[in-house]
Structures are given as C-alpha cells and as structure tokens.
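Participant: When you get a sec, could you give me coordinates for this:
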Amino acid sequence: MEQGGAREQARAPYTSAASSSATTSPSVPPVRMPEQARGNQPCAEPVRGEHTHSEPPAPRVVVQRHSVRGQILDALRAALVDGELLPGQVYSAPVLGARFGVSATPVREAMQQLAIEGAVEVVPNRGFRVAERGPQELAELAEVRALIEVPVMLRLARTVEQVRWAALRPLAEATVAAAAVGDRASYAESDRAFHRAVLTLSGNQQLVMVADDLHRRSQWPLENNPATRRADLLADAAEHTALLDALIAQDLAVVQSLVREHFAGADR
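Facilitator: Numbers count the residues shown, from 1 in each chain. Below you'll find the model as predicted:
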C-alpha cells in the first residue's frame, strides 16, 4: 500500500554529478514540483545568495521564494516514490538545482534531510546516491509497522465513535482516486494522510510520528522494481475503504486481518 500522475511533457535529460568522468548517468525524467509551485506563474525573483543559471533546461520550473527548501524536499520525495530518481544512481545538487532554477544550496539541504531519513547517502565530491533496498528491508518495515499499528487500531475500533470514523471517508476515497489514475506520488501522500488520521485518534503524537516515518520509508521503490503497478495501488486503496468499514462496524477480527494483509502487501 505504500507506494505521480499524468507525466509532464518530456524535457531534456540531465546527468549526475560525475561530470569529471567519461561516464555520465542515464537520462532521468524531470523531477516534479508540488502543485502549488507549478503552473503559468511569473518568474520569481532569485533568492538572496543564490545564483541563476544562464541556460536552464526548458521549460523552467518556477520555485516560489517562500519555503524553497521545503518545496524541493517535497518534490524530491515525490520523485523517489515515482521512480524518477533511480536506486543506485548518483545525483548532484548543482544539476538538480539547475532543474529547479535555484542554487545548489536548498537542494543540498533537502538531500541532507533525505540522507537523515535513509533515502539517499552522501557520496563525497559527487552528490547523493539513491538508496538501494531489497525485499528483506521492506518486509522488516512491514513487520514493525504491524507491531505498532495493529494493537492501536484494535483498541480504537472498540472505543472510537462511528461518526469519527465516518469523517475519515474522504481520506480513504482520496487514495482510491489517486490509484485510479496511477498517480504514485499523490497516492503516497494520501496513503500516509489516511493512516495518520487513524492513528491520531489515539491521542499519542509520538506514535503518529514514528509510524509516519516508517510508512514513508516503506514507500521508497525497490532496486529492481522502481515503480509500483497501478493494479497494486488499486488493491491497496480498496483495503483502506474496507478497513474503514470494519472499524465503523467494530469488527475486530476483520480489522486485524485487513491491517496485517495491508502491510504484507507492501512488498508486492
């Protein structure tokens, strides 16, 4: 369940940071910016301290002055989920910065955060390599998530009023909508939003933060399977609505079965 949308028009490929070597990285699809940072907007002023590129790739993605680092972090996370940043490949901050029309600094800061989260690793004097993960790591993440979330959901199923569960219906439906169009990045966001909303009913914010971190890590692609199939997204989304129905009905056996199956399906 853990793994965007209509692709933008193909743009010129860019290479990894190993420009001094005769070997260059394979062409990579453009990294998608969040919706609020895209569209036909006037070019934002350069952020103080940042340099502009004389010949940026066209069409140029406009980054707003506010929260540049946050926008780029969101875009890079989406690119990871979408398979636009490939496991094992090295990407440099200057090249990605040119892609966004900003300096390397906010890109490097965003990549450092992804390194803390384990999504990438620092390659001295070259850039950042996207982590290569196998099925074993994904299975371990699923096991830990089940250990945390199953008992909490069973307790909530016994204590939370039906009206509060019903209020989460739009979140479950959002995962179905994203899956229907094969938008992996939007699905990943709506998937986490649904689980966060469920766990938030426990009143334990530490649990919510830990579970959300594990959830995000489980959405990164495997080295030999960079993109989740639409059929798997649809199956996972259907489990969200079924789980919500079971929670409303206080059917503990079905809740437990669905949650365990849901996490087990993460390594499809």
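Participant: His195 - how many residues pack around it?
Facilitator: Neighbourhood size, His195 [other Cβ atoms under 10 Å]: 25. To be clear about C-beta, it is placed using only N, CA and C from the backbone, and glycine gets the same treatment.
Participant: Need the residues that contact the lengthiest helix in the chain.
Facilitator: Taking DSSP state H as the criterion, the chain has its longest helix at helix 135-159. Identification of contacts with helix 135-159 by Cβ atoms under 8 Å, 6 or more residues apart in numbering yields 195, 198-199, 201-202, 204, 207, 210-211, 214-215, 217-218, 222, 243, 246-247, 250-252, 255-256, 259-260, 263-264, 266-267.
Participant: change it to 6 Å
Facilitator: Outside helix 135-159, the residues within contact range by Cβ atoms under 6 Å, 6 or more residues apart in numbering are 201-202, 211, 214, 217-218, 247, 250, 252, 255, 259-260, 263, 266-267.
Participant: Give me the ChimeraX select line for those residues, limited to the buried ones.
Facilitator: The buried subset of those, as determined by 16 or more other Cβ atoms under 10 Å, is captured in ChimeraX by this line:
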select :201,202,211,214,217,218,247,255,259,263,266,267
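Participant: nearest to Thr175, of the contacts of helix 135-159?
Facilitator: Using Cβ to Cβ, Ala266 is the member of those that sits closest to Thr175, with 14.0 Å.
Participant: what's the pLDDT at the closest one?
Facilitator: In this model, Ala266 is scored at 55, pLDDT.
Participant: Use 34 as the first number from now on
Facilitator: In the new numbering, first residue 34, that becomes Ala299.
Participant: Strands of this structure, start to end?
Facilitator: With strands called from DSSP state E, the chain shows them at 123-124, 153-156, 160-163.
Participant: model confidence over the last one, on average?
Facilitator: Looking back up the chat, that one is strand 160-163. Per-residue scores along strand 160-163 average to 93.
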